[in-house]
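*Asks:* One predicted model, sequence on top.
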Amino acid sequence: MTHRILKTTLAALTLSATASMADIQTVIIEDPYGTQAMHSCNLLAEQEGAAGRGSIRNVSYGLYECSYDVPPQRNITIEVMPLLHVAQARPVCRSSADQRGGRWTGDWQGNGAFAPGTCTIRVPA
């Protein structure tokens, strides 16, 4: 089964005791029955660090709109030990992101055996 995912981002104002910006991610998922769309929506919400589960809405036959709230985040680049390959970067960058309360984006740069490497992580704004 194939399904396509189209992603857009909207900014919404969350009203509470203090107003803060939250991103509402909207994704179009193609699935003839909808069961896979709900599962894919929840997986996407979890991967993006959403506070809750995703919700789907039938847009057309076989097309579902998935929406979920993502807390405000920003990307930062941190220096770590020298990195030579992705197998070395993966545990180092994930550990560094966990220590800062963030999530590794998968981006890293190795600067040779004697220079520090860098990891890009997403942290709460």
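*Replies:* Yes, it's here.
*Asks:* burial measure for Thr105, as a count.
*Replies:* One way to gauge burial is a neighbour count; for Thr105, by other CB atoms under 10 Å, it gives 15. Any C-beta I mention is one placed from the backbone N, CA and C, and that applies to glycine too.
*Asks:* Pretty sure it sits in a helix.
*Replies:* No - in this structure, Thr105 is strand, not part of a helix, as judged by DSSP: H, G, I helix; E, B strand; the rest coil.
*Asks:* got the phi/psi numbers for Ser96?
*Replies:* The phi and psi values for Ser96, taken as degrees, to the nearest 10, are phi -60, psi -40.
*Asks:* tell me the contacts of it?
*Replies:* Ser96 makes contacts with Ile78, Val80, Trp104, Cys119, Ile121, as judged by CB atoms under 8 Å, 6 or more residues apart in numbering.
*Asks:* again, only using 6 Å
*Replies:* Ser96 makes contact with Ile78, Val80, Cys119, according to CB atoms under 6 Å, 6 or more residues apart in numbering.
*Asks:* Top of these by number of neighbours, please.
*Replies:* Top of the contacts of Ser96 by neighbour number is Cys119, holding 25 neighbours under the definition other CB under 10 Å.
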